[in-house]
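Q: Sequence and predicted model, in that order:
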2 protein chains.
Amino acid sequence: MSRFFGLSLTALAAVATVSTASADGHTAALENATNARHAQMQVIAYHTGLLGEMAKGTTPYDAATATAAAENLASAASMNRIVLWLEGSEQGAIATSRAKTEIWSDASGFEEMAVALETAADAMVDAAGTDLDSLRAAMGGVGKSCGDCHKAYRGPKN
Amino acid sequence: MSRFFGLSLTALAAVATVSTASADGHTAALENATNARHAQMQVIAYHTGLLGEMAKGTTPYDAATATAAAENLASAASMNRIVLWLEGSEQGAIATSRAKTEIWSDASGFEEMAVALETAADAMVDAAGTDLDSLRAAMGGVGKSCGDCHKAYRGPKN
């Protein structure tokens, strides 16, 4: 830390400039987080889709493919939320966001639903490679956790 | 399985229709996988960006944020590749793809580079929460594995 005491006036002016520009930097950070959440959701949707197609019989059941899809779903679902769900990145504040303010005002309720998806995805990892009936049985939990959270915490289309 | 023996001729015709449409279904599967890879890359880029900004001093170092970013980077990097890198989804075949055919013709080389990113991301998980100097030291491995793989296996912009 000691090197900060050696800052020149020029360097201090540069720090002040960064500080002045922090509003724009903050907005960019919120936009980036929103976009990253959407990418995370796309990863979740893709792998859930692969499992759903097998459950419906649209594609043939394959244990290795189903397990891989479930593993990737679980990886995406369990991502640390503190760098993705930044306060201030709600619908209205960030143009592409559909995140309701309740995500932050009712943080424990949101956390509960996020953990429900993690739990359902973990159950799918165990079920997907067993057989098609097990995969089908585990789909309900995944679908319910998606739907419950979207209903409570996702706003209308922008 | 026994219920399949009770399929009516109408149901069998429907199955035949799905089978006839499999070429389109196959292309859609390759497009979906390509889009999912791009989403995965966006998740990787976002979290690498958070770490890079701390390394450069653009944002202040914070151990919890850095650890969360590293964990999410590692989760995205370690996703099972068999459902993401579908053969046939190379540049030229799929409009948005920049994946070189060498990903499949030199599968062991590609795997080696993918594992290099996993290893670098795991090292970042250990380093990110320690201190800023450790984070900075671990950035090189992450950046190198990104660059090496893109150089060898990513085609020019579409």
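A: Thanks, I have the structure now.
Q: When you work out contacts or count neighbours from here on, use the C-alpha atoms and nothing else.
A: Noted.
Q: Pull out the buried residues from the lengthiest helix in chain A.
A: Counting residues, the longest helix found in chain A (DSSP state H) is helix A:22-56. For helix A:22-56, the neighbour count (16 or more other CA atoms under 10 Å in any protein chain shown) marks A:29-48, A:50-52, A:54-55 as buried.
Q: And stretch A:68-78, by the same measure?
A: The neighbour-count check on stretch A:68-78 (16+ other CA under 10 Å) flags A:68-78 as buried.
Q: Would you mind measuring from A:His47 to B:Gln40?
A: Distance of A:His47 to B:Gln40, given as CA to CA, to the nearest Å: 12 Å.
Q: which one is the closest residue to chain B within chain A nearest to, not counting chain neighbours?
A: At 4.6 Å from chain B, A:Ala39 is the closest residue in chain A, using CA to the nearest CA. The shortest distance from A:Ala39 to any non-neighbouring residue, by CA to CA, 6 or more residues apart in numbering or on different chains, is to B:Ala39 (4.6 Å).
Q: Can you list the low-confidence ranges for chain A?
A: Along chain A, segments meeting pLDDT under 70 span A:1-23.
Q: and it, which residues reach chain B?
A: Residues of chain A found near chain B (CA under 8 Å from any CA of the partner chain) are A:32-33, A:36, A:39-40, A:42-43, A:46, A:58, A:65, A:68-69, A:71-72, A:75-76, A:79-83.
Q: Enumerate every residue touching the residue of chain A closest to chain B.
A: Contacts here follow CA atoms under 8 Å, 6 or more residues apart in numbering or on different chains; on that basis A:Ala39 touches B:39-40, B:42-43.
Q: all strands of chain A, in order?
A: With DSSP state E, there are no strands along chain A.
Q: which residues in chain A form helices?
A: Under DSSP H, chain A gives helices at A:9-20, A:22-56, A:63-77, A:102-105, A:107-128, A:132-153.
Q: Tell me which of these approaches B:Leu117 most closely.
A: B:Leu117 lies closest to helix A:63-77 among the helices of chain A, at 16.0 Å (CA to CA).
Q: returning to what we had before: so which of the contacts of A:Ala39 comes closest to B:Ala107?
A: For these, the closest approach to B:Ala107 (CA to CA) belongs to B:Gln40, at 19.5 Å.
Q: Make sure the closest one is actually in contact with B:Ala76.
A: Yes - the pair B:Gln40 / B:Ala76 is scored as a contact, 6.2 Å apart, by CA atoms under 8 Å.
Q: burial of the nearest residue to A:Trp104 once chain neighbours are set aside, as a residue count?
A: Nearest non-adjacent residue to A:Trp104, counting by CA to CA, 6+ apart: A:Glu87, 6.7 Å away. Number of residues near A:Glu87 (other CA atoms under 10 Å in any protein chain shown) recorded here: 13.
Q: Ok, the one 10 residues further on next?
A: If you count neighbours by other CA under 10 Å, A:Ser97 ends up with 23.
Q: Same check on the one 4 residues further on?
A: Residues lying near A:Thr101 (other CA under 10 Å) number 18.
Q: One more: A:Thr96?
A: Around A:Thr96 there are 16 residues (other CA under 10 Å).
Q: again, but for A:Val83
A: When neighbours are counted by other CA under 10 Å, A:Val83 registers 23.
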